[in-house]
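S.K.: could you work out the structure for the sequence below:
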Amino acid sequence: MIPGQNQSWVSEFILLGFSSDPMTNSILFIVFLLIYLNSVLGNGLIIMLVCLDTQLHTPMYFFLCTLALLDMTFATTTMLHMLVHLLAHSQTISFTHCWLQMFVFGGLGITECTFFVVMAYDRYVAICYPLHYTIILTWGLCIRLAAGTWICGFFSSLLHTFFTMSLPYCGPNRVNHYLCEGPIVCSLACMDTHFVEMVDLVLSVFWGVTPISLTVASYIHIAMAILKIKSTQGRCKAFSTCSSHLTVVTFFYAPATYIYLRSNSSYSAEQDKQISLFYSALTPLLNPVVYSLRNKDIKMAFLKVMGYGRCTSGPG
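M.R.: Just a heads-up that it's a prediction; the model follows:
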């Protein structure tokens, strides 16, 4: 059955969060506040360094800067509202706010999922076609690739959100989560959700399996190219440029795939809340750490901003 017009009798939802104990919520507020602040500061630092240092004005760092912007927005969308609820001890969220949160959260999630493919393609061109890197990845192409992921992500999220929130919600309004995430909200509908589940599954497979497959295909070609490098030092250097990306891709894809590539009726609310923290809170925190600790160019740019550039680079 295709959902028709919105017949919702529910004006607000109650987000149960992680605990109803005030002391536990106070502790969680401090923990999540630290995670959020470090996520914003870490990703903001990467954006600032890439913008200020002209040596980082390359396609690779343009994509890294875009990923940092995505992570900052993602962390704000998921964690800021949760922090307000923990601090104010209020668990209610209006129907409209829930709709908006689901739309933005889904749009950013799909955008980041597909953007990892763009970053994998960047590494593929850099390692397999190093002499043609700047010719293939022109600034025009980089901007189109980045903009395309945002447009596709939010358009797909609009479809998902429309079908989910068009369902009639006439009774239970207690969401056993810390945010309005599609599968869990859909389970509260007062009608058969089979059609919406099928739409969500199709979208999840397309925007989940396709990016993962393209990313894996890119790294198969990259691995084959690396194995052809004769020197051990050259192979290590080539692999090090990809290891950071592989790490963040694994942290994001693994839990997101588990949550979305399955039937809505088979979810475990308590388990899903914990798993979703990996891609909604921890990934934005870990991304700048992984990239900055393993990237000499980022470290040098940071030293320049801090005023140590001249001392480390020497005269001339």
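
S.K.: element containing residue 159, please.
M.R.: helix 139-165 (DSSP states H and E).

S.K.: packing partners for that helix?
M.R.: Here helix 139-165 touches helix 59-88, helix 95-128, helix 182-186, helix 194-227, going by 3 or more Cβ pairs under 8 Å, 6 or more residues apart in numbering; DSSP states H and E. In short, each C-beta sits where N, CA and C put it, glycine included.

S.K.: could you dump those helices to a markdown table with mean neighbour count and mean pLDDT?
M.R.: Formatted as a markdown table, the helices and strands packed on helix 139-165 follow (neighbours: other Cβ atoms under 10 Å; pLDDT from 0 to 100):
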| stretch | mean neighbour count | mean pLDDT |
| --- | --- | --- |
| helix 59-88 | 20 | 88 |
| helix 95-128 | 21 | 90 |
| helix 182-186 | 23 | 80 |
| helix 194-227 | 16 | 83 |
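
S.K.: looking at the ones you listed, which is closest to residue 291?
M.R.: Closest approach to residue 291 among these is made by helix 59-88 (6.2 Å; Cβ to Cβ).

S.K.: gap between the closest one and the chain center?
M.R.: Remark: helix 59-88 is offset 8 Å from the chain centroid, using Cα atoms, centre = their mean, to the nearest Å.

S.K.: over to stretch 47-66?
M.R.: 19 Å.

S.K.: how about stretch 142-150?
M.R.: In terms of Cα atoms, centre = their mean, the centre of stretch 142-150 is found 15 Å from the chain centre.

S.K.: now stretch 179-195
M.R.: 22 Å.

S.K.: quick check: the gap between residue 27 and residue 302.
M.R.: According to Cβ to Cβ, to the nearest Å, residue 27 and residue 302 sit 32 Å apart.

S.K.: who's more crowded, the two?
M.R.: More crowded of residue 27 and residue 302, by other Cβ atoms under 10 Å: residue 302, with 18 against 13.

S.K.: now the more buried one. Nearest residue, chain neighbours left out?
M.R.: Once flanking residues are discounted, residue 302 sits nearest to residue 49: 6.1 Å by Cβ to Cβ, 6 or more residues apart in numbering.

S.K.: who touches the one you found in this structure?
M.R.: By Cβ atoms under 8 Å, 6 or more residues apart in numbering, residue 49 lies in contact with 56, 298, 301-302, 305.

S.K.: put the buried members of the residues you listed into a PyMOL selection.
M.R.: A single PyMOL command selects the buried members of these (16 or more other Cβ atoms under 10 Å):
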select buried, resi 56+298+301+302
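
S.K.: kindly reformat the contacts of residue 49 as TSV and extend each row with pLDDT and secondary structure.
M.R.: Converted to TSV, the contacts of residue 49 look like this (pLDDT from 0 to 100; DSSP: H, G, I helix; E, B strand; the rest coil):
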residue	pLDDT	secondary structure
56	87	helix
298	82	helix
301	81	helix
302	78	helix
305	77	helix
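
S.K.: name the nearest of the contacts of residue 49 relative to residue 37.
M.R.: Looking across the contacts of residue 49 and measuring by Cβ to Cβ, the closest to residue 37 is residue 302, at 18.4 Å.

S.K.: may I see the buried residues of stretch 166-184?
M.R.: With burial defined by 16+ other Cβ under 10 Å, the residues of stretch 166-184 counted as buried are 166-169, 173, 175-184.

S.K.: any idea how far that stretch is from the chain center?
M.R.: For stretch 166-184, the distance to the chain centre is 22 Å (Cα atoms, centre = their mean).

S.K.: what's in contact with whatever helix or strand residue 274 lives in?
M.R.: For residue 274, the element it lies in under DSSP H and E is helix 269-277. The contact list for helix 269-277 (Cβ under 8 Å, 6+ apart) reads 18, 176-178, 181, 183-184, 255, 258-259.

S.K.: before we move on, the earlier item: the helices and strands packed on helix 139-165 into a markdown table, with extra columns for distance to residue 146?
M.R.: Formatted as a markdown table, the helices and strands packed on helix 139-165 follow (distance: least, Cβ to Cβ, whole Å):
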| stretch | distance to residue 146 |
| --- | --- |
| helix 59-88 | 5 |
| helix 95-128 | 7 |
| helix 182-186 | 25 |
| helix 194-227 | 15 |
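
S.K.: which other helices and strands does the helix or strand harbouring residue 286 contact?
M.R.: Using DSSP H and E, residue 286 sits in helix 283-293. The helices and strands touching helix 283-293, judged by 3+ Cβ pairs under 8 Å, 6+ apart, are helix 22-52, helix 59-88, helix 232-260, helix 296-305.
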